[in-house]
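**Student:** Below is the sequence, then the predicted model.
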Amino acid sequence: MSLLINFGDSIPNATSKDYTFPVAVRILWMFGTITLTGTAGSRKLQIGVYDPLSPTERRYYIPIANTATVPGTTYRWIGFPGTAKDSTFGTSMGAQVPIAYDWYIPEGWILRINELAAIDPLDDLTVYGQAKAE
Amino acid sequence: MSTIIDIIDLTPNDSNKDFTWTQEVRLLWLLIDLRTTATVGSRRIVVELIGPDGEVRCWIPIGEDVSPGIAASKRCTHRLTPGIFRDFANPVFVTPDTDMSSVVPEGFYIVPGYTLRIRDFNGIDVAADDMDVTGQVEADTAAPVAREAKLL
């Protein structure tokens, strides 16, 4: 039997979001937005997986497009298996990100979506997704 | 065992359509046929998942987001399905009566309380453009025991 898990949040003033699951899950898709403050600087987003025994060392990661740079703008991205990788955010400030078809996050491991350049911790990062536990 | 549920909405003068279900369903495919009015503006169709709180939980643009949008007085058909190649929109939007393919997640579920929304992201002439939406979703109707057996 498989269990569908909806995860994510839109808590503001955050540029790093961690999600852990009580059982191993397969990621189906992830969607996120980042709304930049007025602070200038090029934000770099990534999807990372971290071992809880070494929570600052990423075991796997996927970069999201290039940089998000225009202050006050909302950028959005959608990651799922089978899509193509966009190198830039487009007309709607959107980008697609390919992820593995069978991408499992082990029990207790950390799925982290964060802004690597650490420009402004008051940016608003939103993340939502679906995963399956089987 | 699963049940296939058809999506059919051919209501004219509407380029913002919502779909909800009373059980958990998985999206199989969509066909979106957009006919734009003469109103100048660049249309850009997106598929969204809206949460019970009204917040956008997922956002999937048609084609590449760097592609030009759909101009006035055009007819564009969009075919969305998992695993298909994602077209670059530019060539097919030059002339009317063209179509393009785009990709959606294979595991994309709409649970009760959530809404599947298909709309023009730029909101050009929403109450006058004609958008037909057809598609299918799958509802798993099996009892948990049967679902376990299916995995063997």
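**Tutor:** Yep, that arrived.

**Student:** hang on, B:Pro52 in a strand?
**Tutor:** No: judged by DSSP: H, G, I helix; E, B strand; the rest coil, B:Pro52 forms no part of a strand; its state is coil.

**Student:** Give me the nearest residue to it, chain neighbours excluded.
**Tutor:** B:Gly113 (4.2 Å; C-beta to C-beta, 6 or more residues apart in numbering or on different chains). Backbone N, C-alpha and C define where each C-beta goes, glycine included.

**Student:** Touching, the one you found and B:Gly54? I think so.
**Tutor:** No: with contact defined as C-beta atoms under 8 Å, B:Gly113 does not count as touching B:Gly54 (11.1 Å).

**Student:** need the contact list for the residue of chain B found nearest chain A.
**Tutor:** At 2.5 Å from chain A, B:Asp65 is the closest residue in chain B, using C-beta to the nearest C-beta. Taking C-beta atoms under 8 Å, 6 or more residues apart in numbering or on different chains, we find B:Asp65 in contact with A:86, A:89-96.

**Student:** And the residue nearest to B:Pro52, its phi and psi?
**Tutor:** Dihedral angles of B:Gly113 (phi, psi; degrees, to the nearest 10) stand at phi 100, psi -20.

**Student:** so what pLDDT did it get?
**Tutor:** On pLDDT, B:Gly113 comes in at 96.

**Student:** Could you list the low-confidence segments of chain A?
**Tutor:** By pLDDT under 70, the low-scoring segments of chain A are A:1.

**Student:** The residue positioned nearest the centre of chain A is in what secondary structure piece?
**Tutor:** Taking C-alpha atoms, centre = their mean, the centroid of chain A lies closest to A:Ile113, which sits 3.6 Å from it. Using DSSP states H and E, A:Ile113 maps to strand A:110-115.

**Student:** related to what we said a few turns ago, around the residue nearest to B:Pro52, count how many other residues there are.
**Tutor:** By the criterion of other C-beta atoms under 10 Å in any protein chain shown, B:Gly113 has 12 neighbours.

**Student:** B:Ser15 too?
**Tutor:** Counted with other C-beta under 10 Å, the neighbours of B:Ser15 add up to 25.

**Student:** The one 3 residues further on now?
**Tutor:** Counted by other C-beta under 10 Å, the residues lying close to B:Asp18 total 12.

**Student:** Many thanks, have a good one.
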